[in-house]
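Chemist: How does the following fold in three dimensions:
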Amino acid sequence: MTAGTLSGTYGSLVLNANGTYTYTLNPNDGDFKALTGGGVGSEVFTYTLTDADGDVSTATLTLTIKNDDDGVTITNLTPKGEGGDAKVYEDDLLATRGENESAGSDSSKESTTVTGDFTISAPDGVKTLSVGGINIVVNGVVAGFPLSGVTTPLGNTLTITGYNPATGLVSYSYTLNDNEAHPTATATTACSKTSR
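Modeler: Okay, the predicted model is just below:
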């Protein structure tokens with residue numbers, strides 16, 4: 001038997017002269033990535049052994065490859081279906097503002113705090129989870145709640161009010177305390193998650 005490295009479909013096999021081997025999976029391989037949702041593939045290596053007096057034997061090594069790297073999904077965004085849009089209106093700000101603070105013009109004041117939630121699904125486990133720079137899960141450890149991590153210069157706040165690891169439900173609230181400058185028509189609150 002000749003020792004060496006053999007290239008496979010999903011990785012490579014290092015075959016040692018004593019018959020032992022080490023298989024290394026390439027998780028970035030296109031064929032492996034195509035095995036989504038627990039898909040199964042096979043690596044087949046055929047090798048020939050020759051002993052000292054010339055006897056020859058052929059053997060086949062078959063490895064079963066399974067891709068359990070299930071993706072991450074975010075669903076059930078509220079309050080507006082899957083879009084998760086929520087609105088607060090600057091004209092609903094209370095008229096009794098402090099000095100140099102602007103007041104809203106709407107006489108029928110509505111709440112300037114909105115709440116919502118969404119659900120994350122990570123079958124492989126959650127290593128890190130953050131919303132708008134607020135760390136909810138760090139190295140698999142869930143933080144305590146509530147978490148107030150985003151405050152604008154005018155005091156408007158995004159608060160993460162809870163996270164249930166069993167269900168994946170993340171809840172939050174946003175409170176408008178003063179009007180903001182809007183250099184662009186849209187704004188984005190980033191949400192990132194890393195599975196382990």
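Chemist: Check what pLDDT the most far-flung residue of the chain relative to its centre gets.
Modeler: For the chain, the largest distance from the centre (Cα atoms, centre = their mean) belongs to Asp53, which lies 57.9 Å off. What the model reports as pLDDT for Asp53 is 85.
Chemist: hey, which helix or strand in this protein has the poorest pLDDT?
Modeler: When the helices and strands of the chain are compared on mean pLDDT, DSSP states H and E, strand 191-195 comes out lowest with a mean of 46.
Chemist: picking that back up, and the residue farthest from the centre of the chain, how far from Ala17?
Modeler: When Cβ to Cβ, to the nearest Å is the yardstick, Asp53 and Ala17 sit 17 Å from each other. C-beta here means a position set from N, CA and C on the backbone, and glycine is covered the same way.
Chemist: now Val40
Modeler: For Val40, the distance to Ala17 equals 31 Å [Cβ to Cβ].
Chemist: Correct me if wrong: Ser121 contacts Val72.
Modeler: Yes - Ser121 lies in contact with Val72 (Cβ atoms under 8 Å); the separation is 6.9 Å.
Chemist: care to break the chain down by domain?
Modeler: 4-66, 73-179+187-195 (automatic domain parsing).
Chemist: Pick the most deeply packed of the ones you listed.
Modeler: Greatest average neighbour count among the domains of the chain goes to domain 73-179+187-195 (a mean of 14), per mean count of other Cβ atoms under 10 Å.
Chemist: Okay, now the unreliable bits of this protein?
Modeler: In the predicted model, the chain carries pLDDT under 70 at residues 1-2, 69-70, 78-86, 89-111, 149, 179-196.
Chemist: all strands of it, in order?
Modeler: Using DSSP state E, the strands of the chain run over 4-7, 11-15, 21-25, 40-50, 56-66, 73-75, 113-121, 126-131, 134-138, 141-142, 147-151, 157-164, 169-175, 191-195.
Chemist: Please dump these into TSV; it should also carry distance to Ala34 for every row.
Modeler: Below are those laid out as TSV (distance: least, Cβ to Cβ, whole Å):
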stretch	distance to Ala34
strand 4-7	17
strand 11-15	14
strand 21-25	14
strand 40-50	8
strand 56-66	11
strand 73-75	19
strand 113-121	21
strand 126-131	24
strand 134-138	29
strand 141-142	34
strand 147-151	38
strand 157-164	33
strand 169-175	31
strand 191-195	19
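Chemist: Lys87: which of these is closest?
Modeler: strand 113-121 (7.1 Å; Cβ to Cβ).
Chemist: and the angle from the closest one to strand 134-138?
Modeler: Going by axes from the mean of the first three to the mean of the last three Cα atoms, to 10 degrees, strand 113-121 is angled at 30 degrees with respect to strand 134-138.
Chemist: Paired strands for strand 113-121, with orientation please.
Modeler: Paired strands of strand 113-121, with direction, are strand 73-75 (antiparallel), strand 169-175 (antiparallel) (DSSP bridges).
Chemist: Thr115 touches Tyr172, doesn't it?
Modeler: Yes - using Cβ under 8 Å, Thr115 is in contact with Tyr172, at 7.0 Å.
Chemist: Having no further points to raise, I will conclude here.
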